[in-house]
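Chemist: Sharing a sequence plus its predicted fold:
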Amino acid sequence: MKAYLHVASGKTFSGELAAPLEEKVSGEIVFFTGMTGYQEVLTDPSYKNQIIVFTYPLIGNYGINEDDFESKRPHVEAVVVYEASSTGFHYGAKYSLAEYLQHWNIPLLAHVDTRALVKEIRTAGTMMAELSLSPLPAVVEEEAAFPVQAVSTKTIETYGEGGPHLVLVDFGYKKSILQSLLARGCRVTVVPHDTAPEAIDALKPDGLVLSNGPGDPKQLSHQLPAIRQLIDRYPTLAICLGHQLVALAYGADTEKLRFGHRGANQPVWDAGKQKVMMTSQNHSYVVKEESLAGKPFDIRFINVNDGSIEGIVHRHKPILSVQYHPEAHPGPQDTGYIFDEFLQTVFKGENVYA
Ligand SMILES: NC(=O)CC[C@H](N)C(=O)O
């Protein structure tokens, strides 16, 4: 069955539904450039309310397995590809991509001219889009949503034993962040995004991790005083949305990139190691460089492609904050050392970043 993707800049792209659509769905349209890793992308809560376009022309060729989920369910509104493969079962996969999405009632539009679509997104910028059974362009309106609330846990749960005790503040965390900490011998308590500082103090953590998450970080402005209180008190590692919140909590500012960074080969310069690292990324917003003037942070990480800020370090306090994903999944594990640096700080009780 044919369906139509209407983007807010006024263009329409047609395709064939490989997983059904009831009438229409809408979301912000973004593109991911990795050749693999579609399962991690679909289940990363940071993609909540977004329609994802894969630039690689063949998606689904190793099916859906039990290991690569980043959370319990897919979060995207719809998926757009050039070709959706239904193979992969000889690698032990249980479902094809289309079967998996159909199970969760998420439409999959295939045979789309994804090159033309991505060029349109690069030109017009990230925008709203509507996937519809109707070929008539619909007015696509911006939705006011607070996606963090929808994906953050409602309960407090502890994983692992012994080791340093970390509190992972869940704005929509990826499982790989938790696993990166557990693999290094930590005990980790995952708490809802709006847990009061006093409740976190009561857990007596040795360190704090602020997770990734969906949406505009400024939607969490009401939480900034509490976040500031916490990061000033505990050794902190902040990832992606968490990083943006650290900057905002210190009075710096964020802005939206034209079309964001979503892929598995984003080169990042680490001024500490004097090396370029390949990183996994998924974000639209960045910390504005000029807004860091007069703030107690050094810029340690810079995106080699566009010069945007990829990570900052507090000059005196043990706060390390990265825009990219050191937990990878999908993508290269070059920057896994970030977790080791953080834990060194937690163990020694001293600021190893300074
Ligand atoms: N992966 C993330 O945490 C994304 C952060 C934020 N939602 C952005 O798009 O910039």
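Modeler: Happy to help now that I have it.
Chemist: Tell me where the stretch 51-200 of the chain has strands.
Modeler: Using DSSP state E, counting those that start in this stretch, the strands of the stretch 51-200 of the chain run over 58-59, 78-80, 83-84, 108-110, 127-132, 157-159, 165-170, 187-192.
Chemist: In terms of residue numbering, what are the domains of this protein?
Modeler: According to automatic domain parsing, the chain comprises the domains 2-132, 147-348.
Chemist: and this structure, which of its residues are near the ligand?
Modeler: 46, 212, 213, 214, 215, 240, 241, 282, 283, 284, 285 (CB under 6 Å from any ligand atom). C-beta coordinates here come from the backbone N, C-alpha and C atoms, glycine included.
Chemist: What separation do you get for residue 237 and residue 203?
Modeler: Distance from residue 237 to residue 203, counting by CB to CB, to the nearest Å: 17 Å.
Chemist: of those two, who's got more company?
Modeler: residue 237 (30 against 14; other CB atoms under 10 Å).
Chemist: so which helix or strand takes in that one?
Modeler: Using DSSP states H and E, the element containing residue 237 is strand 236-239.
Chemist: And the contacts of that strand?
Modeler: Outside strand 236-239, the residues within contact range by CB atoms under 8 Å, 6 or more residues apart in numbering are 177, 207-212, 230-231, 245-246, 318-322, 325-327, 338-339, 342.
Chemist: What is the subsequent helix or strand relative to that strand?
Modeler: Going down the chain from strand 236-239, the next helix or strand is helix 241-249, by DSSP H and E.
Chemist: Return the alpha-carbon coordinates of that following helix using CSV.
Modeler: Backbone C-alpha positions of helix 241-249 (Å, rounded to 0.1, in the frame of the first residue of the first chain) are rendered in CSV as follows:
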residue,chain,number,x,y,z
LEU,A,241,20.8,15.6,27.2
GLY,A,242,22.5,15.3,30.6
HIS,A,243,25.4,17.3,29.2
GLN,A,244,23.1,20.1,27.9
LEU,A,245,21.4,20.2,31.3
VAL,A,246,24.8,20.7,33.1
ALA,A,247,25.6,23.6,30.8
LEU,A,248,22.1,25.1,31.3
ALA,A,249,22.3,24.6,35.1
